[in-house]
Structures are given as C-alpha cells and as structure tokens.
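# What follows is a protein structure lacking sequence information:
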C-alpha cells in the first residue's frame, strides 16, 4: 500500500502541474492515471506523438511535453494504467492495474479527472462508425490513425481544430455540419470585450477557419434535424439548413457539441455540485483554491468547470500551493506570492469563455431529443420513454433508474446523465438543480470480485502483521 | 464481420502480430491500442447490445462509453483501455440478461 502527502487522480494538465508544484514544495506525491502515458486526453501520448506527428497536431499539443517531462521529480510516483474505482475515508483511493487492486492513502486528495464530451444524442448515434470528435483526435494522437470519408457534426472550436488536423494528415473531412446559427454569433458579440481580451484564442480560431477554407472543406451552419442513416454501420448524415434538406453519404460521423466536467469521482464522495446555466452542466462547488467542503479534497482543471488545458494547468498549480500550505510545507505568504501571478494568467485565459459559450451553444435537438432517439446508450432507453416516466411521476435521474434502468449500464450515466437531467427538468417544469443528477456510487469503474477479494486479503495480512 | 475500414494508418507499422477475434485471425500492432487496432483491421461490430442485439463499435476512445467492451480470456474489458499483446484471444461481448435465460 502506498502513502503520500498528496494523491492526484488524473495525469492531464491539472494533475501534472499540481504534482510538480507540490513536489517542488517538498511534498510526496502519488499520481494515479488510467493511461499508460501521461498527458490526459488533451496531451494524449504527447511524448510519442509530438516527435512524429507534431506538425499534424500543432504547437498547442506539443506544448504538453513540458508538463509531462516535469513529472520526472524524485518526490513524484506516477502510477500508470491505474483505474480508480473507489475513494473512501476522504483520501484513500482504491485502484486496479491489469486486474490487480491496490490502495493509496494520502493526507490530501486532488481530483483532476478532466472533461467528457457532452452527450449528443441524435437519431442513429449508436451505429458503428459514429464516434465523438475527441475520439477521432485520440486516434490521431495515440495510434497515428485517421478516419476517412468523415463528416463532423455539432459545434465548437474542437470541430475546427480536429478538421484541420485531419486535413494536415491527408484525411480531409467531407464536410462540417455546424449547429450554431448566425443569431448565436450575433448575441455572442455582447461578450466581444472578453473575446478581445482572449484575442490569441480568437486569432487561432480564425486561422483554423482559413485553413479549412483553403483545404476546401465544405461548411454548413445553422443545421437542424440531424440524423444518421445506416443498417449495420453509418451510411449517410441527414440534416436541414435554411429549410433545405441535405443527405451526405459518408463512412464516419464525428459528433461534438462541447465538453463538460467529468464529475463521476467527485460525485461518488458526495462533493456538492451545482448547475452552471452558461455551460449547461453540473460542476462541483469549490473555493478559489479548488478546495471543496470536504477539507482534505481538492478539485482542479476541467473537472471543476471547463476552461481548457492552459487554465487547467494553472488551476492545478494554485491547488497545489494551498495543499502545500495546509501541510506546512510553505507559509501563507509564500502561497499567496506564488498564486498571485497564476490567478492573473487564469483570468486572462478565461476571458474568451463567455464568448465561446454563447457562440457555440449545445445543439438544441440533442439537449431535448425527439421521442424515438436513444438517450441511454447502454440500456437503449429513448427520450420518449423518459418523458413518459416524467408523466408517471419521475422527478429526477435517480428515480429514473427504477423506471427504466437509465444510467445503470456499464457507462454509469457518463453518456446520458446530463440529457436525462435536462429532459426531466423540462417535462416537470423544474430547474436542473431541483432535478439533480444520478447518485454516483462506487465502484466508479468496473472491478471484478477477484480484484476486491485480493485487496481484502492484503488488508488482512497487514492486520495480521500488526498483531 | 469485416467491412471496408474507414480507419487508416498514417504509417505502415514495421511488424504486425496475430490475435484472435471471434474465432478469426486479426493482424495488429503489438503494444497498440486494442480498440484502434481492431478498427484499423476492419473489425465490426465489436459487440452486440444485451437489450436489442444492436451492433456497437468504439465511440469515445477514452474509457467513458463502454461501447468497445470485448471479452479477453473470459473477462469483459474496454478495448480502448487495453494494449495489444500478441496471441490475445478475444471474443465478442454479448452479455445476456439473466431474465432472458429464465
């Protein structure tokens, strides 16, 4: 069993920067990550991919190398391929590597589990050949693979970045089918000042659009009635723009309409969450240090509210400062002196967010899907069934489990939770906060009885040794 | 089972190894991501759902959706969270509900 001053879950930008900052302050750190190589999803496999595919993936991706290299510190134990399945007694974390379970006990715990892509239920989204835009990026980053004959559907900056990366890799997408409208762009200009403060991000976005134009990628905007046709795999994407019907034959459909905090771990320990209307998602309630009402537990990065990789890395450092201070490794003055410049950069990096949230709102027909669209992929429950549950008196996602096994499949609600909250809130004319979310219980990732038994044996042996 | 794959490698790997998927031999890259390698080899579907028998393939590639579940040596695992080891024997995951057996 491992012990450390700080246990960090997730080796993305927040987890990596927090680990380094804490280690430099003299704390011992155990960093647990599901993947075999550090980077999280944004810098997935960056050490292997940057040298051979850096030109395709771009400079922002290659930037992740410095965070990964910074993990080489004698105080940091990076536990690779560790799937966390339970957190108990606030800071004791159970995890498995290749089916062998272990514990780590920390004085403090930092949850840095990042983001998930917002569920985008549309007709046909369970067909083979439909993936998320993030999945297409992961294939390029980790495996050096591209998806041919693809259409990207949805909205947001990730659509442009991934389409550009695909073009550079010689797999030009057939089209971008974008759901945001001119009105969205118009209203987003009210946040124009923020966008000007975040001009670097804006310039990058415009650069990507110019690149796509030069590559000859067809773009449709204001798309509605998106549906995917196919018998055993994707055959075509249908949609409507300006009252005109379109049908694009394709082999792959990549869906994306934003990212949301991955709250599974934080919810499983009962950390309080609130609905953020601007981001249309739940996020944990944290203080200016990423601290939660559970004293020993901190949350940093996209898992605390989506801000992107640079914001996440800054937030990780800020949380680590507070952890180091709380454990007596640095003084209050040292903490505040370190955090000041970090907070100023954080504010600058966050400036673009209100503009982005307004310019690229979630696709309305995926937030409130048509009755025959599957919402819960695991249990194959449709939006119509969920509306019927509401009429029968179902007031929240947790009750919906009893009504129709919603959220009880292997993904544990990761792909349907927010849609179920939105649907029930809308049907019952209650707020998302009143409606709530699934109650997330451990194990938060599947674990075999054999793995659990092996941990119990380990525990018994330690008790035996002590007596 | 096999369809024309829309997943393409940017570089041809120097060496491929053999694994078994649903009784057929599949050539993949040793140490590669199992879900990606099976996709590149044209495997489809990865599994059929226990509710309706609908075909499913990897969706998120980051361990969240569980649509890439396969059985490796009798244990259900997420292909996207697994590294290829030469000689692996994989079967299609098609969990049947207890109530369906009764």
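Cool, the structure landed. Because the structure is a prediction, the values reported are computed rather than measured. Residues are numbered from 1 along each chain as shown, chains lettered A, B, ... in the order given.
# Tell me, please, where in the chain the pLDDT is lower than the cut-off.
I went with chain A, as the question did not name one. By pLDDT under 70, the weakly predicted segments of chain A are A:192-195, A:456, A:458-467.
# Please refer instead to chain B.
Low-confidence segments of chain B, defined by pLDDT under 70, are located at B:1-5, B:94-102.
# Might you enumerate the residues of it proximal to chain A?
Within chain B, the positions adjacent to chain A are B:3-4, B:6-11, B:32-33, B:36-37, B:39-40, B:44-46, B:49, B:51-52, B:54-67, B:69, B:75-76, B:81, B:83 by C-beta under 8 Å from any C-beta of the partner chain. C-beta: built from backbone N, CA, C; applies to glycine.
# Name the residues that touch the helix or strand harbouring residue A:204?
Using DSSP states H and E, residue A:204 maps to helix A:199-215. With contact meaning C-beta atoms under 8 Å, 6 or more residues apart in numbering or on different chains, helix A:199-215 is reached by A:60, A:157, A:160-161, A:163-164, A:167, A:172, A:176, A:195-196, A:219, A:352, A:355.
# Sort out for me which of the residues you listed are in helices.
Among the contacts of helix A:199-215, the ones falling in helices (DSSP state H) are A:60, A:157, A:160-161, A:163-164, A:167, A:195-196, A:355.
# Export the residues you listed as a markdown table, with columns for distance to chain B and neighbour count.
A markdown table is the format used below for these (distance: C-beta to the nearest C-beta, whole Å; neighbours: other C-beta atoms under 10 Å in any protein chain shown):
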| residue | distance to chain B | neighbour count |
| --- | --- | --- |
| A:60 | 19 | 14 |
| A:157 | 19 | 19 |
| A:160 | 20 | 23 |
| A:161 | 16 | 20 |
| A:163 | 16 | 27 |
| A:164 | 16 | 22 |
| A:167 | 13 | 19 |
| A:195 | 29 | 22 |
| A:196 | 34 | 12 |
| A:355 | 27 | 23 |
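# Farthest-apart pair in those, please.
Farthest pair in those (C-beta to C-beta) is A:167 and A:196. Separation: 28.5 Å.
# Pairing partners for the top strand by length along chain A, with directions?
Scanning chain A for the longest strand, with DSSP state E as the assignment, gives strand A:100-111. Strand A:100-111 has the following sheet partners, assigned by DSSP bridges: strand A:2-9 (parallel), strand A:92-97 (antiparallel), strand A:297-299 (parallel).
# ok, for residue A:430, nearest residue in space, not its chain neighbours?
Once flanking residues are discounted, residue A:430 sits nearest to residue A:395: 7.1 Å by C-beta to C-beta, 6 or more residues apart in numbering or on different chains.
# I should have written residue A:37 there, sorry.
In space, residue A:37 comes closest to residue A:45 once its chain neighbours are excluded; the distance is 5.6 Å by C-beta to C-beta, 6+ apart.
# dump the residue contacts of the one you found.
If you count contacts by C-beta under 8 Å, 6+ apart, residue A:45 has them with A:35, A:37, A:39, A:141-142.
# Could you double-check that residue A:96 sits in contact with residue A:450?
No. The pair residue A:96 / residue A:450 is not scored as a contact, 10.3 Å apart, by C-beta atoms under 8 Å.
# Same drill for the two, tell me which one is more crowded.
Neighbour tally, residue A:96 and residue A:450, criterion other C-beta atoms under 10 Å in any protein chain shown: the higher count belongs to residue A:96, 22 against 11.
# Contact partners for that one?
By C-beta under 8 Å, 6+ apart, the neighbours of residue A:96 are A:82-83, A:85, A:102, A:447, A:451.
# In helices only, show me those.
residue A:451.
# returning to that earlier point: so how far is the longest strand of chain A off the chain centroid?
Strand A:100-111 sits 21 Å away from the centroid of its parent chain (C-alpha atoms, centre = their mean, to the nearest Å).
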